[in-house]
Structure formats: structure tokens, C-alpha cells
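Colleague: got a sequence here, can you build the structure:
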Amino acid sequence: MEMNVPHAVASTAASQPIQLKQVPKRGALYRVRHEGKTSYLFGTIHVGKQNFFPLEPEVTRALADSSSLVLELDTRAYEPFQLALAKYGSYPAGETISQHLSPMALDKLNKALLKAGMSLRSVEQYRPWLVANILVGTEIEKQGYHRANGVEGFLLSAAVKQKKKVRELESADYQLSLFASLNDAQQERYLLENIAELDNGLAVKKSAGLIDAWSTADAPRIAALTRELTTGDTVSATFMDRTLLRKRNPEMAANIETIMRSEQVAFVGIGLLHLVGENGVPELLRQRGYEVEKVY
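Modeller: Here you go, the predicted model:
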């Protein structure tokens, strides 16, 4: 049966092209050139939402044109991560978190666990830094951001389909050993600071703000949030600034340089904060003589 469409509507519809939904720019993308070779740097987030994908065409083209995908860690490698977690995130047999926290900190932890629907028994073998990260991660998941929707997973799936090599910049053992560099007193403060920010809503505000800034490639906001996360005399800010960024960024830049020398085109996906500022990986690569162009 033919539908009776008014002539004016039919001709208007026929004359208008189909509008495809534009995929927004996300994160930050850099083109890196050296000695006739071109590679790419892309800022990732480790949790996200399903509607963040697919990534915009410039990113997917850059990945498709690359001979290898380089990530901080290959997140498919479950066993090395679990071994490192047991080594650096758990107490030896016979020790528990209760023995390492002050009564005040233990009381605050019990309240935070109750609020999160967890028991002390479920985390008693874990060190304070790990419990703090679990509590924050649980709250972020409640806001709809999931590790399963992290950017690394999307990039890995695409790389596997395209039969690309996958290389790691670091190891799980190295990454988690950094948290073990905090002593008992620092770990207690780290835990209490994170519990306080969960209570006042700052933990979610900061995380959601950074994810939102990533999702719209909002460079000024990304820079402002990086400053907020790394400024101040808290254990969390100091550890983020000195250890998670300033210590690792030069190491990452050196490792990226080694990989770029051996690869025709490398697509490097690393945490967004590693790309920001005068101590960020793009600037460190410039100092090593690379031509680094910010695509967006």
C-alpha cells in the first residue's frame, strides 16, 4: 500500500541530505613527528560510559594507520595485575588493616564502609591505599562510570580486530609498587582524605568533572582540574603530583621514544593527566627534539 505523503513534505524531505550524528572530540590528541616518522599520543580515562564510543574519526583513523597500540598496561593481562595487587595491596597473613589504623581512622573507615554497603571483613586484608581506591571507585560506579567502559578497552578491541601489536609502557608490578611507597602514616592520611571527600561530595565532583572535561575535549577545564588534583599539602595531591605524574612522565617519555624508534607508527594511549602542562609527556618529548603538534 502506498502512503499518501503531501507533495510539499515529500519534496522537502527528498531535497534535504540525511544528517549523520557528529561524533564529538574527546580527550586530547597529539601528532608526534621525528626523523620522518609520525606517531600519535591520545589522552585516555580509565572509566567511562558506553555512549562515549566510538571515538571520533580522527582518533580512529590515527589508530587504524598505526602499526602498534601502546598503553600504560595491557588491561587484558589479568594475572600480573592480581599478583601485583596481592604483593602491594594486601597485608601478610596474620595482619589486618585494623592493626595498622588509629582508633579514629578505623571508626571513620567503618562508617564509610557501612555507607558503601561493605563490611570491614571484606577489606580487612587490604592496605589503606587500596581500600581508599575501592571506596572511591565504588562511588564513581554508582554515578554510572564503569571500568568496563574505559578507553583502553575500546582501543584494545580495535587493535585486536586490526591485528596490531600491543605494547606496554609500564608493568602492573611497577604501577602498584608506587602506592606501596607510602608509609603507614601516609596511607592512613590518604584513606582519611578520600573518606572526607566522599562525605562532602568532592571525590565524585572531581572524578566526574575530569571525565566530563575529557568527553568534550575541554582543554582549559582539563588543565584547571589537573591543577586542583595536584595542588595542596594533602597526601593525595602530593602523591598524585610527585609520584604518579612527575616521576612517571619522564619515564614514559623515554619509553615512548624507544618505541617510536622501533615502530613505523605508534598510537600511544595514556592517562589524560600525563599530557598536561610543562611536565607533561608532550612537552617532555618536545625537549627531546620531537615535533609535537596538538590536533585538539
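
Colleague: ok, and the closest non-adjacent residue to residue 162?
Modeller: Nearest residue to residue 162 in three dimensions, chain neighbours excluded: residue 64, at 6.4 Å (Cβ to Cβ, 6 or more residues apart in numbering). C-beta: built from backbone N, CA, C; applies to glycine.

Colleague: my guess is residue 98 contacts residue 107. True?
Modeller: No - proximity of residue 98 to residue 107 does not meet the contact threshold set by Cβ atoms under 8 Å, at 10.9 Å.

Colleague: on that earlier part again, against residue 87, how distant is the residue nearest to residue 162?
Modeller: Residue 64 sits 38 Å away from residue 87, going by Cβ to Cβ, to the nearest Å.

Colleague: do the same with residue 94
Modeller: Distance from residue 94 to residue 87, by Cβ to Cβ: 16 Å.

Colleague: okay, now the unreliable bits of the stretch 101-250 of the chain?
Modeller: For the stretch 101-250 of the chain, not a single residue meets the criterion pLDDT under 70.

Colleague: would you map the strands across it?
Modeller: With DSSP state E, counting those that start in this stretch as the criterion, the stretch 101-250 of the chain has strands at 165-168.

Colleague: and the strand ranked longest in the chain, C-alpha only, in PDB?
Modeller: Longest strand in the chain, counting residues (DSSP state E): strand 37-44. What follows is strand 37-44 as a C-alpha-only set of coordinates in PDB (Å, rounded to 0.1, in the frame of the first residue of the first chain):
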ATOM      1  CA  LYS A  37      58.100   9.000  11.400                       C
ATOM      2  CA  THR A  38      54.800  10.100  12.700                       C
ATOM      3  CA  SER A  39      53.100   8.700  15.800                       C
ATOM      4  CA  TYR A  40      50.100   9.700  18.000                       C
ATOM      5  CA  LEU A  41      49.500  10.500  21.700                       C
ATOM      6  CA  PHE A  42      46.000  10.200  23.000                       C
ATOM      7  CA  GLY A  43      44.700  11.000  26.500                       C
ATOM      8  CA  THR A  44      42.600   8.300  28.000                       C
END
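
Colleague: now do the buried residues in the helix or strand following it.
Modeller: Downstream of strand 37-44, the next assigned helix or strand under DSSP states H and E is helix 57-65. Neighbour-count burial for helix 57-65 flags 58, 59, 60, 62, 63 (criterion: 16 or more other Cβ atoms under 10 Å).

Colleague: and for helix 57-65, what's in contact with it?
Modeller: Helix 57-65 is touched from outside by 23, 25-27, 29, 31, 40, 42, 54, 69, 155, 158-159, 162, 265, 267, 295-296, with contacts defined as Cβ atoms under 8 Å, 6 or more residues apart in numbering.

Colleague: tilt between it and strand 37-44?
Modeller: 130 degrees (axes from the mean of the first three to the mean of the last three Cα atoms, to 10 degrees).

Colleague: let's number from 53 now, not from 1
Modeller: In the new count, where the first residue is 53, that last one comes out as helix 109-117.

Colleague: by contact count, what packs against the next helix or strand after helix 109-117?
Modeller: Using DSSP H and E, the helix or strand that follows helix 109-117 towards the C-terminus is strand 120-123. Contacts defined by 3 or more Cβ pairs under 8 Å, 6 or more residues apart in numbering; DSSP states H and E place strand 120-123 against helix 203-213, strand 217-220, helix 300-314, strand 318-323.

Colleague: in its sheet, which strands sit next to strand 120-123, and in what direction?
Modeller: strand 217-220 (parallel), strand 318-323 (parallel) (DSSP bridges).

Colleague: residue 154: which of those strands is closest?
Modeller: Between residue 154 and the strands paired with strand 120-123, the tightest spacing by Cβ to Cβ is seen for strand 318-323, at 32.3 Å.

Colleague: pLDDT of the closest one, averaged?
Modeller: Mean per-residue pLDDT for strand 318-323: 98.

Colleague: in the sheet, who's paired with the closest residue to residue 118 other than its chain neighbours?
Modeller: In space, residue 118 comes closest to residue 319 once its chain neighbours are excluded; the distance is 3.8 Å by Cβ to Cβ, 6+ apart. For residue 319, the beta-bridge partners are residue 92, residue 121 (DSSP bridges).

Colleague: correct me, but residue 319 touches residue 90?
Modeller: No - applying Cβ under 8 Å, one finds residue 319 not in contact with residue 90, separated by 10.5 Å.

Colleague: who has more neighbours, these two?
Modeller: Using other Cβ atoms under 10 Å as the criterion, residue 319 and residue 90 rank with residue 319 on top: 24 against 17.

Colleague: switch the strands paired with strand 120-123 over to a markdown table; also include distance to residue 189.
Modeller: Formatted as a markdown table, these follow (distance: least, Cβ to Cβ, whole Å):
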| stretch | distance to residue 189 |
| --- | --- |
| strand 217-220 | 22 |
| strand 318-323 | 15 |
